[in-house]
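K.L.:
With the sequence up front, the predicted model follows.
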Amino acid sequence: MGWSSLIFFLVMMLSSSSYSSPGIDDIFDMIAKNPTKSLKFVEIHGETLFTKEIELTGSVSFGSSGAMSKYIITPKKSEMHIVNNTLSLLNSEGVSSVSLTSYPVLASSINAIRWILLGEKDKISENYSINYSNKNNNWAIDLIPVDEKVLLEVSSILITGNFGNIGVITLIKTNGNSITTTFSKL
């Protein structure tokens, strides 16, 4: 009886010590190496005072150079392309472009996503405090801006997923409103 308890205890100890949850560096590597770079999305903006929340749907794609494209299907068709530090919006009214350097809050949010997709933890560490948790391969990375101007408007960016897949990105504004983007395969 005593030996069977000891053997059971040893088996449990050995099996639990042989598995460990991936660390944040592992998650960054898995995301960067994920071959799926085009996804469908549903984005909920809960920031309007006079209307119900706004829901956008469409697809997003990401290039290995950090270029991103967002194709919005509803409520109105439009496209958004980000190349280097230029954001271009294409809609029925034409094309508008802005430099992200003129909009630090917008640049911060976009760059956080780009840097995670590229696996550039060093750039994220320079610009955000990182809180990380992982339970059963479902991880959460909470980014808190270190730039005071950004922190006045964005309290955090919460990114959740499993293995190398990003599932949801929630940008939480300091006024309590949020933008939640849920991703799924095309």
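P.N.:
Received, thanks.
K.L.:
Please make it C-alpha for all contacts and neighbour counts, starting now.
P.N.:
Fine.
K.L.:
how deep is residue 112 tucked in, by neighbour count?
P.N.:
Residue 112 is surrounded by 21 other residues when neighbours are defined as other C-alpha atoms under 10 Å.
K.L.:
is it true that it lies in a strand?
P.N.:
No - assignment of residue 112 by DSSP: H, G, I helix; E, B strand; the rest coil gives helix, placing it outside any strand.
K.L.:
What score does it have for pLDDT?
P.N.:
For residue 112, the model assigns a pLDDT of 91.
K.L.:
Residue 53 now?
P.N.:
Residue 53 carries a pLDDT value of 85.
K.L.:
Skipping adjacent residues, who's closest to it in space?
P.N.:
Leaving aside its sequence neighbours, residue 53 sits nearest to residue 46 (C-alpha to C-alpha, 6 or more residues apart in numbering; 4.6 Å).
K.L.:
The one you found contacts residue 56, doesn't it?
P.N.:
No - applying C-alpha atoms under 8 Å as the test, residue 46 and residue 56 come out as separate, 11.4 Å apart.
K.L.:
Now do the shared contacts for the two.
P.N.:
Counting by C-alpha atoms under 8 Å, 6 or more residues apart in numbering, residue 46 and residue 56 have no shared contacts at all.
K.L.:
Between the two, tell me which one has more neighbours.
P.N.:
residue 56 (19 against 16).
K.L.:
The more buried one pairs with what?
P.N.:
The residues paired with residue 56 through beta bridges, assigned by DSSP bridges, are residue 43.
K.L.:
What distance do you get for it to residue 115?
P.N.:
With distances taken as C-alpha to C-alpha, to the nearest Å, residue 56 is found 23 Å from residue 115.
K.L.:
Residue 159 now?
P.N.:
12 Å.
K.L.:
Can you name the residues that contact the closest residue to residue 135 other than its chain neighbours?
P.N.:
Of all residues not flanking residue 135 in the chain, residue 21 sits nearest, at 7.5 Å (C-alpha to C-alpha, 6+ apart). Contacts for residue 21 (C-alpha under 8 Å, 6+ apart) come out as 134, 135, 136, 137.
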